[in-house]
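# Got a predicted structure here, sequence first:
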Amino acid sequence: MTVRRSAATLAATAAVLCAAAAPVAVAAPSPSPSAALPAGLYGTKDPTYDGVWRQSLAFLAQRLEGVTPAAKSVDWLISQQCADGSYAAFRPDVSKPCDAKTMRDTNATAAATQALVEVGGHRETVNNSVRWLKSVQNEDGGWGYTAGAPSDANSTSLVIGALARQGQRLADITTPGGKTPYDPLLALAIPCGGKDGGAFAYQPDKKGKLVANADATAAAVLGAMGKALAVGNNAAGKAPSCHPGSGLTPEQAAQNGAHYLTGALAGNGHLNQAPMPGATDSTPQPDFGNTADAVVALSAAGHQDKAAGALGWLKKNSADWAAQNGPAAYAQLILAAHSTGDNARDFGGVDLVARLNAAGPAPAAVVTPDPSADTGYEATEKDQVHSGDDVIGGVWWYIGIALVLAAIAFFLISGRRKNRQL
């Protein structure tokens, strides 16, 4: 869902991607005093590895809470796009066009796509990113962190969310071999039975074994359900269960993942960080970001009641973590609060929305949303509209055309009737 996007994380990820290691949550270093940050960027830390990511999450969270980002912040995110529609994690000099050395990032591209859909008004920018994402789909139907890298659960799920939010019909996005974006997720699902039954792996390990990964599981629950990062308040009370056997549907695999997350959170209400490669201290450390992601995943899967304990733990313990990690952290907490119908403006005594807004340029507008009006995206495969790449606003575009044609037909018929009467 939300691969941790900090400097140390991505430096580690670049070194171990081929070894199928999952990202780990750590704080990014601050930039040197001489480093000038872009005027429209959120956060004060070095954006080299997470500039686009944290900007995108900030926009997603703000739009859920009725906040319109400043125009210069939106312009900054758009300026980061390469001509082919892709995004790198951060481009310090956008006057230089992207070239073969530019590390195009599917995660940043997918997050920016989702964010700009929510901001609205940037149809071609979004469609350009969707075209690029579809062009780098792997033969197994999924996506890796970079174009051509082996598919992983997190990247595949993020791209699924972007495609779904733009309006693509996911079952129609197939490889020459007939694979859909759901197929690689199902291949990473651990069968029911045993302590890790229902979980998803990030990637198979060197021996091809699937190792449970809570971050990947939270991401894959959303991905298998065809959902984007920003989900609405779903109060349905389903009993978590693990569907045994093979040949699972994506929905069943998602429910299995929710079953695993429920068990993982049952002990102390939070998930733990995976140890960094070579770490000597094996003491478990709480993973605030992944815990927030798990809350969103459980809520989206209809298990909001099972997310209550983790949400309560975050309210009590996440303030220092969010203050240290900045806009992306505040955004994750807002996404978690919104998915459960909680108040992000009073989250354990902290106004997450105000803190996020203060991390960037003053918003263009702030409107406190009606709690009874749910703005989260909850469209399913049945709800999605497919019309090639130009889908943003597609439903209303076609409705508008239909209304115009109907009006023309009405006047033509009326005119004919008048002529007959004459």
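Now that the structure is in, tell me what you want to look at.
# Without its sequence neighbours, what residue ends up closest to Ala147?
Computed as CB to CB, 6 or more residues apart in numbering, the closest residue to Ala147 that is not its neighbour in sequence is Val136, at 4.0 Å. Placement of C-beta: from N, CA and C, glycine included.
# no no, Trp313
The nearest residue in space to Trp313 (CB to CB, 6+ apart) is Gly269, at 3.7 Å.
# What of Val52?
Excluding its sequence neighbours, the residue lying closest to Val52 (CB to CB, 6+ apart) is Ala108, at 4.1 Å.
# so is that neighbour in a helix, a strand, or just coil?
Three states are possible here, and by DSSP: H, G, I helix; E, B strand; the rest coil the one that applies to Ala108 is helix.
# hang on, it packs against Ser56?
Yes: taking contact to mean CB atoms under 8 Å, the distance of 7.4 Å between Ala108 and Ser56 places them in contact.
# Just want to know which of these two has more residues nearby.
More neighbours sit around Ser56 than around the other of Ala108 and Ser56, counting by other CB atoms under 10 Å; the figures are 32 against 29.
# in the stretch 51-200 of the chain, which spans are helices?
With DSSP state H, counting those that start in this stretch applied, the stretch 51-200 of the chain shows helices at 51-64, 71-79, 106-119, 123-135, 153-166, 182-187, listed in chain order.
# Those helices into a markdown table, with extra columns for distance to Thr249 and mean pLDDT?
Supplementary listing: these in a markdown table, determined by distance: least, CB to CB, whole Å; pLDDT from 0 to 100:
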| stretch | distance to Thr249 | mean pLDDT |
| --- | --- | --- |
| helix 51-64 | 28 | 98 |
| helix 71-79 | 35 | 98 |
| helix 106-119 | 23 | 98 |
| helix 123-135 | 23 | 98 |
| helix 153-166 | 15 | 98 |
| helix 182-187 | 9 | 98 |
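# so which of the ones you listed gets nearest Gly141?
Gly141 lies closest, by CB to CB, to one member of the helices of the stretch 51-200 of the chain: helix 182-187, at 4.2 Å.
# Show the secondary-structure elements that the closest one is packed against.
When contacts are defined as 3 or more CB pairs under 8 Å, 6 or more residues apart in numbering; DSSP states H and E, helix 182-187 packs onto helix 153-166, helix 214-224, helix 250-266.
# Contacts made by it with the rest, please.
Contacts of helix 182-187 with the rest of the structure, by CB atoms under 8 Å, 6 or more residues apart in numbering, involve 138, 140-142, 151, 153, 156-157, 160, 170-171, 200, 220, 223-224, 248, 250, 253.
# same deal with stretch 77-89?
By CB under 8 Å, 6+ apart, the list of residues contacting stretch 77-89 from outside reads 5, 10, 40, 48-53, 55-56, 59, 90-91, 94, 97-98, 102-105, 108-109, 112, 115-116, 122, 125, 128-133, 147.
# how long is that stretch end to end?
Chord length of stretch 77-89, first to last residue, is 11 Å (CA to CA, to the nearest Å).
# Ala294 - how many residues pack around it?
Other residues near Ala294 number 31, with proximity taken as other CB under 10 Å.
# Any chance of a markdown table for the helices and strands packed on helix 182-187, columns distance to Pro361?
As requested, the helices and strands packed on helix 182-187 are exported to a markdown table (distance: least, CB to CB, whole Å):
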| stretch | distance to Pro361 |
| --- | --- |
| helix 153-166 | 24 |
| helix 214-224 | 29 |
| helix 250-266 | 36 |
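# Nearest to Asp293 among these would be which one?
If you check each of the helices and strands packed on helix 182-187 against Asp293 by CB to CB, helix 214-224 wins as the nearest, at 4.1 Å.
# Between helix 250-266 and that closest one, find me the angle.
Angle, helix 214-224 to helix 250-266, by axes from the mean of the first three to the mean of the last three CA atoms, to 10 degrees: 150 degrees.
# And helix 214-224, what does it pack against?
In terms of contacts (3+ CB pairs under 8 Å, 6+ apart), helix 214-224 is packed against helix 153-166, helix 182-187, helix 250-266, helix 288-300.
# Which of those helices sits closest to Gly194?
Nearest of the helices and strands packed on helix 214-224 to Gly194, taken as CB to CB: helix 250-266 at 10.7 Å.
# quick one: buried residues of that closest one?
When neighbours are counted by 16 or more other CB atoms under 10 Å, the buried residues of helix 250-266 are found to be 250-265.
# and if you look at stretch 191-209?
191-192, 196-203.
# which stretches of the chain have low pLDDT?
Within the chain, the ranges that satisfy pLDDT under 70 run 1-35, 235-237, 276-279, 370-422.
# Please, where are all the strands along it?
For the chain, the strands identified by DSSP state E occupy 67-68, 271-272, 286-287, 365-366, in order along the chain.
# Make a markdown table out of these and add distance to Gly326 and mean neighbour count.
Output for those, formatted as a markdown table (distance: least, CB to CB, whole Å; neighbours: other CB atoms under 10 Å):
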| stretch | distance to Gly326 | mean neighbour count |
| --- | --- | --- |
| strand 67-68 | 16 | 20 |
| strand 271-272 | 20 | 20 |
| strand 286-287 | 17 | 20 |
| strand 365-366 | 19 | 12 |
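# Figure out which of those strands is closest to Ala337.
In terms of CB to CB, the element of the strands of the chain nearest to Ala337 is strand 67-68, at 14.1 Å.
# Which strands or helices does the closest one pack on?
With contacts defined as 3+ CB pairs under 8 Å, 6+ apart, strand 67-68 has these neighbours: strand 365-366.
# The same query, at a cut-off of 10 Å, please.
Counting by 3 or more CB pairs under 10 Å, 6 or more residues apart in numbering; DSSP states H and E, the packing neighbours recorded for strand 67-68 are helix 51-64, helix 352-358, strand 365-366.
# Good, we can wrap up now.
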